[in-house]
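Trainee: turn this into a model:
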Amino acid sequence: MKMMKMMKQPNILKPENKNEYISVFDLKTWMICPRLFFFQNSHREKNKTEWEEKNKYFFQKDPVRFFENEILREILFCLPEMILENAGEQENGTWVDFAGLENKIRQLIEDLREEMKLLESENPDEIKKDEIKADEIKKESGAGNNIFAAIDDACAEIVRKIPILIQNISKTIETYGFDLYEAAANPVKSEHVFYFQKINLAGAPHKVVLWKEKMVPYLLKTSAPPQNGIWEKDRIAAAAYILILEHEFKKENVADSFIMDYAGELRIGRIRPQDKKIVFRTLRQIKEAKNGKMPGEKNILFCPNCRFQENCRPKLVSILSRFWGKGE
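Mentor: Down below sits the predicted model:
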């Protein structure tokens, strides 16, 4: 299954040596559930040539939700420039033509709808196969009966969320003015894959921007933010990106801050010393999982909808049997 270039996860293989790196995306998956990462990685290793093709439907029961996330992420990527194009200054301060901004967002949704369909329709055989996949998914989730319908439904859902998006933008401008949007509209790098060879870590932040004369990662999320601050898994991912940027641009040129865009609501986060320690610890755990060691920890909140339930049922082990190294 092809996807829009800007939305596609980068291939984390450094061309010079072909060594496999651990990606920040791997860290984020681990933060969601270590067992989920383990089984995803196991499936990927067994089916390397088919992984990209199967990944979307293997782990995502609802294609409408999938396309909604992908299209909304692209809108968020383009949003800062669109906001500035519809902003101005007057005697009593700055203003935004929100009606004009909404029209631009609606037009972008239509453009993305057509682009997504064009990418999905490059191969007639692929369309038929995707329609079959979507029919199978429909039985489980009630999703649309073909991929084009799923794209249309996703776009309709995003249109319904435009008022929330506008509200989030307004809240951000009230808090920070236009400074964050100006930084995001003129990034130093966009979706560039960086490598930190010494710790075998790679990542592609959505943007790297200059903020207060320092480089910071600018990260996009289509989900809602917590009531205050930043979600923990997002802060740990940001810490990993900052480690990579410090290696690439030197530590003195990189801030210990990052910008999170939660569906149009921007927040500034700061990493703590322990966040980098968590990154290093998680990298060690991921290496063990890649070598075949199943993590003992799992997030039971995700168990009911997980595709790996049947595989993820370890034997119960008592404290005594742990001590003697024997299972019950």
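Trainee: tell me the phi and psi of the residue nearest to F194 when sequence neighbours are not counted?
Mentor: Nearest non-adjacent residue to F194, counting by C-beta to C-beta, 6 or more residues apart in numbering: I244, 4.6 Å away. For every residue, glycine as well, the C-beta is placed using N, CA and C. When read as degrees, to the nearest 10, the backbone of I244 gives phi -70, psi -40.
Trainee: residues in contact with I244?
Mentor: When contacts are counted by C-beta atoms under 8 Å, 6 or more residues apart in numbering, I244 touches V24, F194, Y195, F196, L201, A202, G203.
Trainee: didn't the first one look like it was pressed against A237?
Mentor: Looking back up the chat, that one is V24. Yes. Judged on C-beta atoms under 8 Å, V24 makes contact with A237 at a distance of 5.5 Å.
Trainee: do a quick rundown of the helices in the stretch 201-328 of the chain.
Mentor: Applying DSSP state H, counting those that start in this stretch to the stretch 201-328 of the chain gives helices spanning 232-249, 273-290, 319-324.
Trainee: got those as TSV, with distance to I109 columns?
Mentor: Putting those into TSV (distance: least, C-beta to C-beta, whole Å) gives the following:
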stretch	distance to I109
helix 232-249	25
helix 273-290	36
helix 319-324	54
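Trainee: looking at those helices, which is buried most?
Mentor: The highest mean neighbour count among the helices of the stretch 201-328 of the chain, using mean count of other C-beta atoms under 10 Å, belongs to helix 232-249: a mean of 22.
Trainee: just the angle between that one and helix 273-290, please?
Mentor: Relative orientation of helix 232-249 and helix 273-290, computed by axes from the mean of the first three to the mean of the last three C-alpha atoms, to 10 degrees: 90 degrees.
Trainee: from the chain's centroid, how far away is helix 232-249?
Mentor: Centroid displacement of helix 232-249 relative to its chain, using C-alpha atoms, centre = their mean, to the nearest Å, is 14 Å.
Trainee: and what of stretch 245-263?
Mentor: That offset, for stretch 245-263, works out to 17 Å (C-alpha atoms, centre = their mean).
Trainee: begin at 558 from now on, thanks
Mentor: Sure thing, new numbering starts at 558, so read that last one as stretch 802-820.
Trainee: any buried residues in that stretch, and which?
Mentor: Across stretch 802-820, burial judged by 16 or more other C-beta atoms under 10 Å covers 802-806, 811-820.
Trainee: pick out whichever of those sits closest to D736.
Mentor: Nearest to D736 among the buried residues of stretch 802-820: I816, at 10.4 Å, using C-beta to C-beta.
Trainee: tell me the pLDDT at the closest one?
Mentor: Here, the pLDDT recorded for I816 equals 97.
Trainee: dump the residue contacts of it.
Mentor: Residues near I816 by C-beta under 8 Å, 6+ apart: 737, 740-741, 766, 768, 773-776, 823-826.
Trainee: most neighbours out of those residues, which is it?
Mentor: Most neighbours among the contacts of I816, by other C-beta atoms under 10 Å: P774, with 28 neighbours.
Trainee: so what pLDDT did it get?
Mentor: pLDDT for P774: 97.
Trainee: contacting residues for it?
Mentor: By C-beta under 8 Å, 6+ apart, P774 lies in contact with P762, H763, K764, V765, A795, Y798, I799, L802, F815, I816.
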